[in-house]
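Chemist: Sequence first, then the predicted structure:
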Amino acid sequence: MRATSEIDLDGLGPRGLENLLKGLPQSVDDRQRDENLDLVRRLGAPSYMGDLLSGYLDDDESLKQIAARSYRHVNHFDKIVLVDSGIPGGYRLTLHAWCPPYTEEELRGELIHDHRFSFWSTILTGRLVSQNFSRRPDGTENAASADGAVTHMRQYRYSPEKAGVATQANFYRFVDEAALEMTGESVEEQGNAYHLRYHRIHRVVLPTESMTCTLVLRGPREREFSNVYNTAYPSTDTQSANVMFTPDELAGKLRAIRQALYVRAGVRRS
């Protein structure tokens, strides 16, 4: 198989991008992890991503398809699914855009989670700050930690309710009380790229000044659920619905992201 680093992205439009992702191997070894990291970094270059977004904006059918699977995520960001094969072992490419201002309640929200899949991401614009956590072993929930930063939460198992490739609703099954210990903070600057394994527990610190937008290459699904930790949901099963964007709403969001990319690249376009 040809290495993705050898593939020229110049002129690669939406259809070519879909075919590229379909060709990525489901089995991910160390070499493929590095290849995927290089790929998402190149896909996130302002010149390529700006042209890609322009291609979507000029295609009403593409806008309609993408809008039908994109929505405001419960974790307070716009989730725009550019490419999704709908195959559990396949890859997906999404934009995640955090757009302040946020309310005080949103800023205080405990949006701690892990994932069903590992992913690779690059920062298109802004600055991504994340807090990292580990689960305290059973029987040590009340033991003192080195810095005392132990947070008692409720744990839920999250599963999406799908209609085709669109996540129409979110179902959360209450598991138990859980104790989480904050292990550190990570900061990714504009242009950086990183890889996160599916079992890592974290939350994104919501930006307060300007939009942060990332491009996310989601790898093959590694389990059927993820874990969510918070104190806002009840100690019972719960669910919420997603409202998909209209094509016009999506177009406005893509234009804003494209403009931010042009500013990053020092290009004057409207």
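Modeler: Good, I have the coordinates. Residues are numbered from 1 along each chain as shown.
Chemist: elements contacting the top strand by length along the chain?
Modeler: Criterion DSSP state E: the longest strand present in the chain is strand 166-189. With contacts taken as 3 or more C-beta pairs under 8 Å, 6 or more residues apart in numbering; DSSP states H and E, strand 166-189 sits against strand 117-125, strand 127-135, strand 150-163, strand 226-230, strand 238-241. In short, each C-beta sits where N, CA and C put it, glycine included.
Chemist: After that strand, which helix or strand is next?
Modeler: Where DSSP states H and E defines the elements, the next helix or strand beyond strand 166-189 is strand 193-196.
Chemist: who does that following strand touch, helix- and strand-wise?
Modeler: Packing partners of strand 193-196 (3+ C-beta pairs under 8 Å, 6+ apart): helix 30-43, strand 117-125.
Chemist: neighbouring contacts of stretch 56-76?
Modeler: 14, 55, 78-82, 84, 96, 98, 102, 106, 109, 111, 113, 164-167, 170, 204, 206, 240, 242-247, 249-251, 254-255, 258 (C-beta atoms under 8 Å, 6 or more residues apart in numbering).
Chemist: List only those of those flagged as buried.
Modeler: If you count burial by 16 or more other C-beta atoms under 10 Å, the buried members of the contacts of stretch 56-76 come out as 14, 78-82, 84, 96, 98, 109, 111, 113, 166-167, 170, 204, 206, 242, 244-245, 247, 249-251, 254, 258.
Chemist: where does the stretch 151-270 of the chain dip in pLDDT?
Modeler: Across the stretch 151-270 of the chain, residues meeting the criterion (pLDDT under 70) sit at 163, 165, 268-270.
Chemist: Doesn't Arg255 belong to a helix?
Modeler: Yes: if the criterion is DSSP: H, G, I helix; E, B strand; the rest coil, then Arg255 is within a helix.
Chemist: sorry, back to before: show me the one of the helices and strands packed on strand 166-189 that comes nearest Leu217.
Modeler: Closest to Leu217 of the helices and strands packed on strand 166-189 is strand 117-125 (C-beta to C-beta; 4.5 Å).
Chemist: partners of that closest one in the sheet?
Modeler: Note on strand 117-125: by DSSP bridges, its sheet partners are strand 193-196 (antiparallel), strand 212-221 (antiparallel).
Chemist: ok, how many other residues are close to Pro137?
Modeler: 9 (other C-beta atoms under 10 Å).
Chemist: Confirm it sits in a strand?
Modeler: No: in this structure, Pro137 is coil, not part of a strand, as judged by three-state DSSP.
Chemist: Distance check, it against Ala149.
Modeler: Applying C-beta to C-beta, to the nearest Å, one obtains 16 Å for the distance of Pro137 from Ala149.
Chemist: again with Met211
Modeler: Applying C-beta to C-beta to Met211 and Ala149 gives a distance of 29 Å.
Chemist: What sits closest to Val204 if chain neighbours are left out?
Modeler: Ser130 (5.4 Å; C-beta to C-beta, 6 or more residues apart in numbering).
Chemist: Can you name the residues that contact that neighbour?
Modeler: Per C-beta under 8 Å, 6+ apart, neighbours of Ser130: 185-188, 202-205.
Chemist: Name the nearest residue to Arg116, sequence neighbours excluded.
Modeler: Ser226 (4.9 Å).
Chemist: So the one you found is in contact with Phe119, correct?
Modeler: No: using C-beta atoms under 8 Å, Ser226 is not in contact with Phe119; the gap is 11.8 Å.
Chemist: Got the confidence number for the nearest residue to Val187 once chain neighbours are set aside?
Modeler: Distance criterion C-beta to C-beta, 6+ apart; nearest residue to Val187, sequence neighbours excluded, is Val129 at 5.3 Å. Here, the pLDDT recorded for Val129 equals 97.
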